[in-house]
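Enquirer: Using only what follows, build the 3D model:
(chains A, B, C and D)
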Protein chains: 2
Amino acid sequence: MSNSENSPVRESPIPMSECGAALAIEQVPDRWTWLILREMLYGVGRFADIQADIGIPKSVLSGRLTQIVENGLAKKKAYRDGSSRTRHAYVLTQKGRELAPVILALMQWGDKHIKNGESALELTDKRSGNPVKIGIVHKGGALPLRWLSFAPAHKKDPAKSPD
Amino acid sequence: MSNSENSPVRESPIPMSECGAALAIEQVPDRWTWLILREMLYGVGRFADIQADIGIPKSVLSGRLTQIVENGLAKKKAYRDGSSRTRHAYVLTQKGRELAPVILALMQWGDKHIKNGESALELTDKRSGNPVKIGIVHKGGALPLRWLSFAPAHKKDPAKSPD
DNA sequence: TTTCTGAGTTTGACATTTGGACTCTGCTCT
DNA sequence: AGAGCAGAGTCCAAATGTCAAACTCAGAAA
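Expert: As a prediction, the model looks like this:
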């Protein structure tokens, strides 16, 4: 990486107002928002389901969903399962779906550093079926998001990832 | 991606307690912690400098730094610049440095969706000098973190990234 | 019409965050 | 040695956010 040398830098090379990361953090400012987006990434979109999965108080969930929709990360969609009544679910927009690499990078990090290399979710290239990960690539060398597929990992011995 | 079909999933395929992402979020639970780690990634490590850059109240910074150190993401190091007095700076540990892909993915997202494609930081492969990004790669196809170098982008017209 | 259920909103006690003032420590200057 | 000073906190009251439980509301079912 660039620096990490002896004497520390005095000032961030990119001021907050121009830093994509700082601006992004404003749209996903807290734990709950991350967890909600994680649920949506998995396809869990109904109010009560999200609430049950992550244990968030209803009032807080309500507020966060409003924010998430306002920021254009998800939208509320009506759907109907088996001629029953109309229901609503929150689904990620394109903008929201493109946060997937961030969440998955976070997951990789957690799997490595907190779960000692045991990952619960397996990422694959939808076409070839080959395993993939989030990493540093030459420009043009990344797979498009739409080829990404994930499924719960079959419990294997947690061999260290060969990369 | 996997689902995003008509009727939503009822339950997350990975419970919180086994999800690397959920566990990771616990170590970086809020806005301030992310911003502090961003500063450290840039090499800004002194208390007062971090405070000035991101505008965090001292008492909060103090608390967050304690947490960050407890979680093993950074450690406090003494250093001396030019025969002056001993000073202290917080520097990322290996564990902390490996959050770089997450922060950079977040930055890419922010650059694309909030700054309309104009990125302030340029990532390159330290050896070849070629531009790189964070993305989905086949296992074994990613560049190691230590080859990553970054520098403020020279202001160009914000051409959309060709990937 | 009444009941039920999912999806919120309101309420009020409790906890955290803020920003400013204050403290402590260890150089450095004289 | 003593005074001065900057870095790195700590402390405090007010503003803000969080929680769980109770309440509301709309549409489908009975």
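Enquirer: buried sites along stretch A:43-59?
Expert: A:Gly43, A:Val44, A:Gly45, A:Arg46, A:Phe47, A:Asp49, A:Ile50, A:Gln51, A:Asp53, A:Ile54, A:Ile56 (16 or more other Cβ atoms under 10 Å in any protein chain shown). Every residue, glycine included, has its C-beta placed from N, CA and C.
Enquirer: now, which of those sits nearest B:Tyr79?
Expert: A:Ile54 (41.5 Å; Cβ to Cβ).
Enquirer: Report the contact partners of that closest one.
Expert: Residues in contact with A:Ile54 (Cβ atoms under 8 Å, 6 or more residues apart in numbering or on different chains) are A:Trp32, A:Leu35, A:Ile36, A:Glu39, B:Met16, B:Ala22.
Enquirer: So which residues of chain A form helices?
Expert: Using DSSP state H, the helices of chain A run over A:20-27, A:31-42, A:47-54, A:58-70, A:94-97, A:100-113.
Enquirer: I'd like those helices written out as TSV, with mean pLDDT added.
Expert: Compiled in TSV, the helices of chain A are given as follows (pLDDT from 0 to 100):
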stretch	mean pLDDT
helix A:20-27	96
helix A:31-42	96
helix A:47-54	94
helix A:58-70	95
helix A:94-97	97
helix A:100-113	98
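Enquirer: Now, of the contacts of A:Ile54, which are buried?
Expert: Looks like the contacts of A:Ile54 have A:Trp32, A:Leu35, A:Ile36, A:Glu39, B:Met16, B:Ala22 buried, using 16+ other Cβ under 10 Å.
Enquirer: ok, so of the residues you listed, who is nearest A:Pro131?
Expert: Within the buried ones among the contacts of A:Ile54, the smallest distance to A:Pro131 is 21.6 Å, found for B:Ala22 (Cβ to Cβ).
Enquirer: Relative to A:Trp34, how far out is the closest one?
Expert: 8 Å (Cβ to Cβ, to the nearest Å).
Enquirer: Just give the closest residue to A:Glu122, not the sequence neighbours.
Expert: Excluding the flanking residues, the one nearest A:Glu122 by Cβ to Cβ, 6 or more residues apart in numbering or on different chains is A:Ala153, at 4.3 Å.
Enquirer: same question but for A:Ser62, I mixed them up
Expert: A:Phe47 is the one closest to A:Ser62 (Cβ to Cβ, 6+ apart), at 8.0 Å.
Enquirer: Which residue is it, in chain A, that comes closest to DNA strand D?
Expert: A:Arg85 (3.1 Å; Cβ to the nearest atom of the strand).
Enquirer: Can you give me the neighbour number for that residue?
Expert: Using other Cβ atoms under 10 Å in any protein chain shown, A:Arg85 has 6 other residues around it.
Enquirer: that older thread, turn the helices of chain A into CSV, columns for distance to A:Ala120.
Expert: Conversion of those to CSV gives the following (distance: least, Cβ to Cβ, whole Å):
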stretch, distance to A:Ala120
helix A:20-27, 25
helix A:31-42, 11
helix A:47-54, 14
helix A:58-70, 24
helix A:94-97, 21
helix A:100-113, 7
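Enquirer: mind checking which of these is nearest B:Arg127?
Expert: Within the helices of chain A, the stretch nearest B:Arg127 is helix A:100-113; the backing value is 22.6 Å (Cβ to Cβ).
Enquirer: That closest one packs against which elements?
Expert: Other helices and strands packing on helix A:100-113, by 3 or more Cβ pairs under 8 Å, 6 or more residues apart in numbering or on different chains; DSSP states H and E, are helix A:31-42, strand A:132-138, helix B:20-27, helix B:100-113, strand B:132-138.
Enquirer: so which of those gets nearest B:Ala120?
Expert: With Cβ to Cβ as the yardstick, what comes closest out of the helices and strands packed on helix A:100-113 is helix B:100-113 (7.4 Å).
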